[in-house]
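Participant: Next one to model:
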Amino acid sequence: MKLTTFDNLDIAGGALHRWTVSTRSAPVPHPTGPSENERFHLDAVRDGGLGWLAITFDIDSATLDLARLRSAFATVVNHHEVLRAHFALHPTEPDAIRRFLHPAGSLEVSDVVSVDHSAAGDNRAALSAAIIDGCTALTPGSHVLAAVQGHTTTTVICGFDHCYVDAHSLAVIAEDVLSAYEGEAPRSAGSFLDHQAAAAELARQSTGDGTLVEKWGQFLASTGWTVPEFPIDLGVAPGQFAPARIHVDTVLTAEQAHRFSALCASRSIRFYPALLAALAVATRDLGGPDRLPLVLPVHTRRSDLWSRSVGWFVANAPMVLDATGDIDTAMASATAALSAALPLAEVDLTTVYGTFGSRMVKPRHDVFMVSYMDYRRFDRLEHHNVHHVSSDGRADTLQAWFWRDENGVHLRTRYPDTGTAATVVKGLVDDLIAVVTERLAAVGPRIPATAR
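Facilitator: Purely as a prediction, here's the structure:
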């Protein structure tokens, strides 16, 4: 798995095959309204923003069957209920957002339209227009299927409005399309809309956990009531933006990652917070503070029922990393801090802003956030050159994504495209890698490479 943006995606010349999705029956109103994530996203769309995600994967051109690929995509978009839904906005009432749902089997994929583009730039322009124009949660069936056919490999592109999918969803969709293409039925998946309805009902019945809200308040008080931003100057003044720049680095090889996992386990330290600790230490080494506030996007698939579900299953947890000591102390501290932070994701941001908004200061549009995902749970992706693709957009602070796959641990950073930011982020990532690898080297080969 690789995380990238459209501008950084390698798109070849060759035959471009495209399909469109339409509906053959009328939708019905669905009682489950937009989730908080969906509402925030739709507010941004109303203001002219864009937000889409795509997954690409390679299949063998020698055995390419366009009709079978079309059928596979139709199977998948009908299988996952949320992909048959869309929203309607009220022209004068911003809070009046209705969800509509089409019945299973009602989404149809068109016959293929193929164009031979010898220049890669022509394929890139056509795909960009197809995704930007075609992926919107305000139109039913607004999903994009395309394929670029090369001499030996065909790259399949599946694009969706962000309302419908998160990173986990994209991996599920890639596996499901590959399975359906090979004649297998998609695996059972829980309904995102059922998940949201249950969460909404729980919220209605609950009097609210005042302790969790108080802990959000304690976090914000510790930051001076300031929403987290990366604490080192990146060359963009508050209120200003720059085009976003994306950089991807490998932090640990697969062998190193196995050994680092064992090192962490031997000290009762969790793997992800160990990486967060290295980030905090590297930030401190660059002149940042000893205590590093940030926000963690955390998934809400808390049982196997939702492991194959498509939807935006993400909440947010606040956390402060302590880098006052050495890396071992920081890793132990981060492990405890993560455990304490995760329950705070049960408090939605609407409640946080409603409770503390009068005191909160948000100097940046973006929030300093760091996420992690382990793609090794997906068993069909390893040999298909899979890419998670997002829009490029603009940035005013640093955001980071750790992920682990069969090749090791990697880090995608997104930051303003300024000379200052490029220098800072390169130094940050280089130091982070050095912190982790030097700590691993200090242990030596005694840690077995087979540890997971």
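
Participant: Now that residue 68 has come up, it's in contact with residue 156, right?
Facilitator: No: assessed by C-beta atoms under 8 Å, residue 68 is found out of contact with residue 156, at 11.6 Å. Every C-beta, even on glycine, is put in place using the N, C-alpha and C of the backbone.

Participant: Looking at those two, which one has more neighbours?
Facilitator: Just comparing residue 68 and residue 156: by other C-beta atoms under 10 Å the higher neighbour count belongs to residue 156, 25 against 14.

Participant: The more buried one: which element?
Facilitator: strand 153-161 (DSSP states H and E).

Participant: again, but for residue 243
Facilitator: Using DSSP H and E, residue 243 falls within strand 242-253.

Participant: For the strand holding residue 156, which outside residues touch it?
Facilitator: Strand 153-161 has contacts (C-beta atoms under 8 Å, 6 or more residues apart in numbering) with 11-12, 51-61, 64, 69, 73, 83, 127, 130-131, 134-137, 142-148, 170, 173-174, 177, 385, 389.

Participant: Moving C-terminal from that strand, which element do we reach first?
Facilitator: Counting by DSSP H and E, what follows strand 153-161 is helix 167-181.

Participant: helices and strands around the helix or strand that that following helix is followed by, which ones?
Facilitator: As assigned by DSSP H and E, the chain's next helix or strand after helix 167-181 is helix 192-205. When contacts are defined as 3 or more C-beta pairs under 8 Å, 6 or more residues apart in numbering; DSSP states H and E, helix 192-205 packs onto no helix or strand at all.

Participant: coming back round to it: out of the contacts of strand 153-161, which end up buried?
Facilitator: 11-12, 51-59, 61, 64, 69, 73, 83, 127, 130-131, 134-137, 142-148, 170, 173-174, 177, 389 (16 or more other C-beta atoms under 10 Å).

Participant: Could you tell me the model confidence score at the residue nearest to residue 225 when sequence neighbours are not counted?
Facilitator: Spatial nearest neighbour of residue 225, chain neighbours left out: residue 359 (4.6 Å); criterion: C-beta to C-beta, 6 or more residues apart in numbering. Residue 359 carries a pLDDT value of 97.

Participant: I'd like to know how many residues surround residue 359.
Facilitator: By other C-beta under 10 Å, the residues close to residue 359 number 12.

Participant: Tell me how this protein divides into domains.
Facilitator: 2-196, 207-446 (automatic domain parsing).

Participant: now stretch 16-30: mean pLDDT?
Facilitator: Here the average pLDDT along stretch 16-30 is 94.

Participant: going forward can the numbers begin at 12, since that is how I track them
Facilitator: OK, 12 is where the count begins now, so the last one is stretch 27-41.

Participant: Mind listing what's buried along that stretch?
Facilitator: Taking 16+ other C-beta under 10 Å as the criterion, stretch 27-41 shows 27, 28, 29, 30, 31, 32, 34, 38, 41 as buried.

Participant: Any idea what residue 155 is bridged to?
Facilitator: residue 170 (DSSP bridges).

Participant: circling back: now intersect the contacts of strand 164-172 with the strands, please.
Facilitator: Counting by DSSP state E, those place 63-71, 155-159, 400 in strands.

Participant: which two in those residues are spaced the farthest apart?
Facilitator: 63 and 71 (27.4 Å; C-beta to C-beta).

Participant: Model confidence for residue 329, exactly?
Facilitator: 98.

Participant: quick one, what contacts it?
Facilitator: Contacts of residue 329 (C-beta under 8 Å, 6+ apart): 227, 230, 231, 239, 304, 305, 306, 307, 352, 355.

Participant: From residue 406, how far out is the residue lying closest to residue 431 once chain neighbours are set aside?
Facilitator: With sequence-adjacent residues excluded and distances taken as C-beta to C-beta, 6+ apart, residue 431 is closest to residue 246, at 3.2 Å. Distance of residue 246 to residue 406, given as C-beta to C-beta, to the nearest Å: 11 Å.

Participant: Could you tell me which residues touch both of these two?
Facilitator: Joint contacts of residue 246 and residue 406 (C-beta under 8 Å, 6+ apart) are 253, 427.

Participant: more neighbours, those two?
Facilitator: Set side by side, residue 246 and residue 406 show unequal neighbour counts under other C-beta under 10 Å, the larger going to residue 406 at 24 against 16.

Participant: tell me the phi and psi of that one?
Facilitator: Backbone geometry at residue 406, expressed as degrees, to the nearest 10, gives phi -150, psi 150.

Participant: Tell me which residues are up against stretch 445-458.
Facilitator: 262-263, 267, 270-271, 273-274, 277, 285-286, 289, 292-293, 338-339.

Participant: among those residues, which are in helices?
Facilitator: With helices taken from DSSP state H, the overlap with the contacts of stretch 445-458 comprises 267, 270-271, 273-274, 277, 285-286, 289, 292-293, 338-339.

Participant: circling back: what about the residue nearest to residue 431, distance to residue 257?
Facilitator: 17 Å.

Participant: can you pull the contacts of residue 43?
Facilitator: 110, 204, 207, 208, 211.

Participant: One more pass at 7 Å, please.
Facilitator: Neighbour list for residue 43: 110, 204, 207, 208 [criterion: C-beta atoms under 7 Å, 6 or more residues apart in numbering].

Participant: For this structure, name the helix or strand with the lowest mean pLDDT.
Facilitator: Lowest on mean pLDDT, DSSP states H and E among the helices and strands of the chain sits helix 203-216, with a mean of 82.

Participant: sorry, back to before: list the contacts for the residue nearest to residue 431?
Facilitator: Neighbours of residue 246 in contact, by C-beta under 7 Å, 6+ apart: 427, 429, 430, 431, 432.
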